[in-house]
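Need the 3D shape of this:
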Amino acid sequence: MPPESLPQWAQEVRAYRIPRYDELPAIDLYMDQVVAILEDCLRLFLRDEKDQRITPAMINNYVKQKVLPPPVKKRYTRDHLCQLLLICLLKQVLSLPEIRRLLDAQLATRDVRALYDGFCAAQEAAVAAALERAAVQTGGDLSDMALRVSVEGGVARMLAEKIMDVGLPAPTREKKREKD
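Residues are numbered from 1 along each chain as shown. Here you go, the predicted structure:
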């Protein structure tokens with residue numbers, strides 16, 4: 001991205017609002033519809049327009065790894081969409097097993113709607129705060145800005161991992177069936 005477009009991008013990201021639970025489709029969707037909706041919701045989080053944040057293979061993998069509940073008759077619900085949006089944004093910081101632990105812990109105390117809408121508000125507040133701290137503007141040394149933001153991101157990831165380690169139940173290991 002050329003430096004002269006950074007303030008414009010920052011303004012666009014600052015104004016972006018992730019669709020809330022009630023704004024997502026209430027009807028069950030097929031995989032291609034899910035991917036299209038997710039790509040539209042996540043477009044501002046892509047580094048390059050050619051990048052893909054989500055693919056059918058990724059969704060199938062999330063189901064296989066039990067990070068996402070399986071679809072019912074090949075259809076995905078609004079709850080699936082919410083969890084997929086959470087996964088797509090959280091996987092930039094956490095591994096899939098960590099996301100599974102976090103979602104399990106969160107869903108043990110609240111429903112998908114409350115979790116998702118709260119996450120959206122937190123994501124938007126974090127974006128606004130990060131842009132403010134970075135003082136995204138046309139002037140200044142962009143390499144210094146990139147370094148400072150990278151360091152902050154690394155520290156935030158380290159803190160998230162430590163909180164996961166000390167504050168969430170250890171993952172349960174699924175026992176493989178023993179062959180008779």
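
Which parts of this protein are strands?
Assigned by DSSP state E, the chain shows no strands.

Where is the longest helix in it?
The longest helix of the chain (DSSP state H) is helix 142-167.

Leaving out sequence neighbours, find the closest residue to the most centrally placed residue in the chain.
By Cα atoms, centre = their mean, the chain has its centre lying nearest to residue 89, at 1.5 Å. Closest residue in space to residue 89, ignoring its immediate chain neighbours: residue 123 at 6.4 Å, by Cβ to Cβ, 6 or more residues apart in numbering. C-beta coordinates here come from the backbone N, C-alpha and C atoms, glycine included.

doesn't residue 90 make contact with the one you found?
No. Applying Cβ atoms under 8 Å, one finds residue 123 not in contact with residue 90, separated by 9.7 Å.

when you compare where the lowest-mean-pLDDT helix or strand in the chain runs with where helix 142-167 runs, what's the angle?
Across the helices and strands of the chain, mean confidence by mean pLDDT, DSSP states H and E is lowest for helix 6-15: a mean of 81. Orientation check (axes from the mean of the first three to the mean of the last three Cα atoms, to 10 degrees): helix 6-15 against helix 142-167 gives 30 degrees.

For helix 6-15, buried residues please.
Of all the residues in helix 6-15, those buried under the rule 16 or more other Cβ atoms under 10 Å are 6, 10, 13.

State the distance from the second one to residue 119.
Distance, residue 10 to residue 119, by Cβ to Cβ, to the nearest Å: 22 Å.

just to revisit the earlier point, got the contact list for the residue nearest to the centre of the chain?
42, 45, 119, 123 (Cβ atoms under 8 Å, 6 or more residues apart in numbering).

ok, those vs residue 131, which is closest?
Nearest to residue 131 among those is residue 123, at 12.7 Å by Cβ to Cβ.

and the closest one, how many residues sit next to it?
17 (other Cβ atoms under 10 Å).

ok, now how distant is it from residue 75?
In this view, residue 123 and residue 75 are 27 Å apart by Cβ to Cβ.

got it, and residue 106?
Using Cβ to Cβ, we find residue 106 at a distance of 24 Å from residue 75.

Show me which of those two is the more surrounded one.
More neighbours surround residue 106 than the other of residue 106 and residue 75, with 18 against 14 (other Cβ under 10 Å).

wait, the more buried one sits on residue 115?
Yes. Residue 106 is within contact range of residue 115, at 5.0 Å (criterion: Cβ under 8 Å).

ok, the closest residue to residue 67 other than its chain neighbours - how many residues close by?
Distances taken as Cβ to Cβ, 6+ apart place residue 100 nearest to residue 67, at 4.6 Å, with adjacent residues excluded. Neighbour count of residue 100, defined by other Cβ under 10 Å: 18.
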